[in-house]
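Q: Sequence and computational prediction follow.
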2 protein chains.
Amino acid sequence: MMKTISGGVCAAKGFTASGIHCGIRKNRTKKDLALIFSEKPASAASVYTTNLVKGAPLTVTKNHIADGIAQAVICNSGNANTCNANGIEVAEKMSEALAAAMGIKATDVVVASTGVIGQPLNLEPIVNGIPALVSALSKDGGDAAAEGIMTTDTVKKEIAVEFTVGGKTCRLGGIAKGSGMIHPNMATMLVFLTTDAAISPAMLQKALSSDIANTFNMVSVDGDTSTNDMVTVLANGMAGNDEIVADGADFEEFMKALNTVTVYLCRKIAGDGEGATKLLECRVSGAQDVATAKTVAKSVICSSLLKAAMFGADANWGRVLCAIGYSGAKVDVDRVDVSFRSAKGEIAVCKNGSGIEFSEEKAKEILLEKEIEILVSIGAGAFEATAWGCDLTYDYVKINGDYRT
Amino acid sequence: MMKTISGGVCAAKGFTASGIHCGIRKNRTKKDLALIFSEKPASAASVYTTNLVKGAPLTVTKNHIADGIAQAVICNSGNANTCNANGIEVAEKMSEALAAAMGIKATDVVVASTGVIGQPLNLEPIVNGIPALVSALSKDGGDAAAEGIMTTDTVKKEIAVEFTVGGKTCRLGGIAKGSGMIHPNMATMLVFLTTDAAISPAMLQKALSSDIANTFNMVSVDGDTSTNDMVTVLANGMAGNDEIVADGADFEEFMKALNTVTVYLCRKIAGDGEGATKLLECRVSGAQDVATAKTVAKSVICSSLLKAAMFGADANWGRVLCAIGYSGAKVDVDRVDVSFRSAKGEIAVCKNGSGIEFSEEKAKEILLEKEIEILVSIGAGAFEATAWGCDLTYDYVKINGDYRT
């Protein structure tokens, strides 16, 4: 039976973490350097942004974990180390400095950065901060690490679950940051997951790649995909289960735990979008295939007009229909039904592509909630998909319209 | 030699127009019904939204001008006659009422509507208003017609040009509405063009379809494509030139005039986007093909983060690069250069995908202007494209976040 537990990224056996302020960020109260460490080398898998512009840390990390092994994650906030001529060199030196301090291989280091782009990252504060970062490592360091990777996220995002694989108790936890930046920049999404389950690098990559297609790739705050998006998972096997090396019941259990954690983090990221006041979830059902369901769900979630309507608690189903209509998906609009749902109830607003009578009062009551579901059924099959996003608010414009300095 | 002239949609020989308040809109000072009439039946061509959800008026218009002939355009604002069960019937009756009043064929009527969707359109005010609408027809009626199609556009959009085809003086003019809606809805783009040039329906359609690929299809206010977008052109031949029936010098002249008018209207529409304070123009050069240049230009223009940065006069080239990177186009980001330009000058901010030193003061001065060009060169060939849009402001959120009533 799966259950949520505390500990976040340190819940799994053998993982410790830390987070400090090393000086990249001017504000001394803000942590800007985080570390996650595994007692033993772990199977490692990562997925990266599809943006053609990729931050140097992503390139370096990809090379390092090509062998499927990693033992530490070091991440700084305040500077994305992206679009600078010396980026790769800086990311490598960051890895080497940490590796030397910990007695591990530089190629077993996952390196990440988030923050301003186009301004070279100064290594000095990082190199000087590593000793303190390393000595601060502890089982209680998950919170500090979660803070260290934040930029203007308004809340820490962490979770862990406990589950059973092959009779052994396993744990999987993670931290994430995304969507909030005071210094106008990309809404970089970073997710670091740890587990003590024993699983081969190949199966770990398979699990992650398959999962993110339904989770992180279905999150949109404003349609802009960052240059630094990265999701990384380390699995150190210390739970003692028989290593998962193929499909089967054990792999399914693992995927369920992974999905529980990733969906939780997706909702946290989407709901904490710049200026957001509401978490939006678009569930599409009745599609002829998954790709159609996904295309439709994402189109609705990304619609500026729909997002603004949600900010105004306006049951504007016409905008939902419009977004479906330009999504590029093959949909018979005369079979589309739309409802809105929240903790205050559910209300149908469109049937077979036409408006129906509904109580504006009840709709408003439902839409004033902080978590809104937009339910779309397209009457063409049995496939479903979900996308997450947030409302479009004055604060989004304020946060992103500010001067860059 | 081409020159701009007055008269808008009535500049061409044989065209008259009118606009009145008939009662669809509650506010009596707002005109809500417009008419454009040609003394003689004209070649007609139209292009319609690619949204799968199409307003009933579009379906009816498409059927009417399948024969390439039309003689009048009737358009109401305040209600889009879309997503209602009786939409087609209402649009047909609107055409018939006008046709009867004018002694023309109902199938020679182009019918359009813009406004709230999902609420049935009441024909009574329209039918009752047609007599006054018809008797108000005049050569000076262009302004009134331009007003009658507006929803919350803040400015009328009209223009006309005079040019020569086969030794004959021809005129081409038009009115447009787009992008501003107080009643939260789609930013419907409607464009009605008239000319006295003689050109066959087939060549007229060819000219229009080819032109909009570089004009109206390259305009984005917020990425949402309306259910009611339509561009229609009527050509009544009264200029007396030899009818254009094939490619050649005459056709080229005509296309140039058409493009002069459409580009003007595109800039007007984009710059009058909901809440906009700036017209943005993204010019992409050095592409390996036109499709790539267009994909890149549109991606930049549609980026919420880029639009917000422009609102804040923030030279955030990183967001331009990011939008290029996720555009889906094949681009070598290490060959991308970015500059910003306006009436106050031009400033280079990115070279070969990396930041370069530039004066923030000068950049700010340039970006505080009302018309900004974002110049992108991708160093892969010789093809170019331009996209138009506007900044993302608090007013956009305010306008579109309002309650729908």
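A: Arrived safely, thanks for sending.
Q: Please parse chain A into its domains.
A: Using automatic domain parsing, the domains assigned to chain A come out as A:3-271, A:279-401.
Q: Indicate which one of those domains is closest to residue B:398.
A: Across the domains of chain A, residue B:398 has its closest neighbour in domain A:279-401 (7.4 Å, Cβ to Cβ). In this view, the C-beta of every residue, glycine as well, is placed from N, C-alpha and C.
Q: Now for chain A: which helix has the highest residue count?
A: Longest helix of chain A, by residue count under DSSP state H: helix A:249-271.
Q: still on that earlier bit, can you redo the domains of chain A as TSV with mean neighbour count, mean pLDDT and distance to residue B:117?
A: Shown next, in TSV, are the domains of chain A (neighbours: other Cβ atoms under 10 Å in any protein chain shown; pLDDT from 0 to 100; distance: least, Cβ to Cβ, whole Å):
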stretch	mean neighbour count	mean pLDDT	distance to residue B:117
domain A:3-271	21	92	23
domain A:279-401	21	92	4
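Q: need the ones you listed in JSON lines with distance to chain B, can you?
A: Listed next are the domains of chain A as JSON lines, based on distance: least, Cβ to the nearest Cβ, whole Å:
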{"stretch": "domain A:3-271", "distance to chain B": "3"}
{"stretch": "domain A:279-401", "distance to chain B": "3"}
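Q: Just put these in a markdown table and tack on distance to residue B:283.
A: Formatted as a markdown table, these follow (distance: least, Cβ to Cβ, whole Å):
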| stretch | distance to residue B:283 |
| --- | --- |
| domain A:3-271 | 20 |
| domain A:279-401 | 23 |
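Q: Out of the ones you listed, which is closest to residue B:26?
A: Per Cβ to Cβ, nearest to residue B:26 of the domains of chain A: domain A:279-401, 17.5 Å.
Q: For the closest one, measure first residue to last.
A: Domain A:279-401 has an end-to-end distance of 22 Å (Cα to Cα, to the nearest Å).
Q: try stretch A:232-248
A: End to end - Cα to Cα - stretch A:232-248 spans 23 Å.
Q: and if you look at stretch A:160-170?
A: One end of stretch A:160-170 to the other measures 11 Å (Cα to Cα).
Q: do the same with stretch A:309-325
A: So stretch A:309-325: terminal residues 17 Å apart, Cα to Cα.
Q: quick one: the helices in the stretch 51-200 of chain A?
A: Secondary structure of the stretch 51-200 of chain A (DSSP state H, counting those that start in this stretch): helices located at A:56-64, A:87-102, A:123-135, A:142-148.
Q: Distance to residue B:196 added to those helices, as TSV?
A: Listed next are those as TSV, based on distance: least, Cβ to Cβ, whole Å:
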stretch	distance to residue B:196
helix A:56-64	60
helix A:87-102	61
helix A:123-135	70
helix A:142-148	70
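Q: still on that earlier bit, what's the following helix or strand after the longest helix of chain A?
A: Next helix or strand after helix A:249-271 toward the C-terminus (DSSP states H and E): strand A:279-287.
Q: quick one, whichever helix or strand comes after that next one and helix A:249-271 angle?
A: Downstream of strand A:279-287, the next assigned helix or strand under DSSP H and E is helix A:290-302. Helix A:290-302 runs at 20 degrees relative to helix A:249-271, counting by axes from the mean of the first three to the mean of the last three Cα atoms, to 10 degrees.
Q: so what secondary structure elements neighbour whichever helix or strand comes after helix A:290-302?
A: Per DSSP H and E, the first helix or strand lying C-terminal to helix A:290-302 is helix A:304-311. Packing contacts for helix A:304-311, counted by 3 or more Cβ pairs under 8 Å, 6 or more residues apart in numbering or on different chains; DSSP states H and E, involve helix A:317-325, helix B:394-401.
Q: Indicate which one of these is closest to residue B:11.
A: Among these, helix B:394-401 comes nearest to residue B:11, with 32.3 Å by Cβ to Cβ.
Q: ok, residue A:355 - contacts?
A: Applying Cβ atoms under 8 Å, 6 or more residues apart in numbering or on different chains, we find residue A:355 in contact with A:317, A:318, A:349, B:83, B:84, B:117, B:118, B:119.
Q: just residue A:331 next, same as before
A: By Cβ under 8 Å, 6+ apart, the neighbours of residue A:331 are A:292, A:296, A:324, A:325, A:378, A:380, B:52.
Q: Same question for residue A:137.
A: Listed by Cβ under 8 Å, 6+ apart, the contact set of residue A:137 reads A:16, A:17, A:18, A:35, A:37.
Q: picking up where we left off before, ok, of the contacts of residue A:355, which one's closest to residue B:105?
A: The nearest member of those to residue B:105, counting by Cβ to Cβ, is residue B:84 at 25.4 Å.
Q: I'd like the helices and strands packed on helix A:304-311 laid out as CSV, including distance to residue B:373.
A: As requested, these are exported to CSV (distance: least, Cβ to Cβ, whole Å):
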stretch, distance to residue B:373
helix A:317-325, 30
helix B:394-401, 21
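Q: And the ones you listed: which comes nearest residue A:188?
A: With Cβ to Cβ, the closest approach to residue A:188 among the helices and strands packed on helix A:304-311 belongs to helix B:394-401: 23.4 Å.
Q: separation between residue A:221 and residue B:323?
A: As judged by Cβ to Cβ, to the nearest Å, residue A:221 and residue B:323 stand 15 Å apart.
Q: Ok, residue A:166 next?
A: Remark: distance between residue A:166 and residue B:323 (Cβ to Cβ) = 47 Å.
Q: Quick check: closest non-adjacent residue to residue A:112.
A: Closest residue to residue A:112 apart from its sequence neighbours, by Cβ to Cβ, 6 or more residues apart in numbering or on different chains: residue A:75 at 4.1 Å.
Q: Identify the residues contacting that neighbour.
A: Neighbouring residues of residue A:75 by Cβ under 8 Å, 6+ apart: A:33, A:34, A:35, A:111, A:112, A:113, A:114, A:148, A:149, A:190, A:192.
Q: How about residue A:39?
A: A:14, A:15, A:16, A:236, A:238.
Q: Let me have these in JSON lines, adding secondary structure as columns.
A: Listed next are the contacts of residue A:39 as JSON lines, based on DSSP: H, G, I helix; E, B strand; the rest coil:
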{"residue": "A:14", "secondary structure": "coil"}
{"residue": "A:15", "secondary structure": "strand"}
{"residue": "A:16", "secondary structure": "strand"}
{"residue": "A:236", "secondary structure": "coil"}
{"residue": "A:238", "secondary structure": "coil"}
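Q: Closest one of the residues you listed to residue A:5?
A: Nearest to residue A:5 among the contacts of residue A:39, counting by Cβ to Cβ, is residue A:15 at 13.3 Å.
Q: Name the surrounding residues that touch stretch A:265-274.
A: Stretch A:265-274 has contacts (Cβ under 8 Å, 6+ apart) with A:152-155, A:157, A:159, A:174, A:176-181, A:187, A:189, A:191, A:215-216, A:218-222, A:276, A:278-281, A:370-371, A:388-390, A:395-396, A:399-400.
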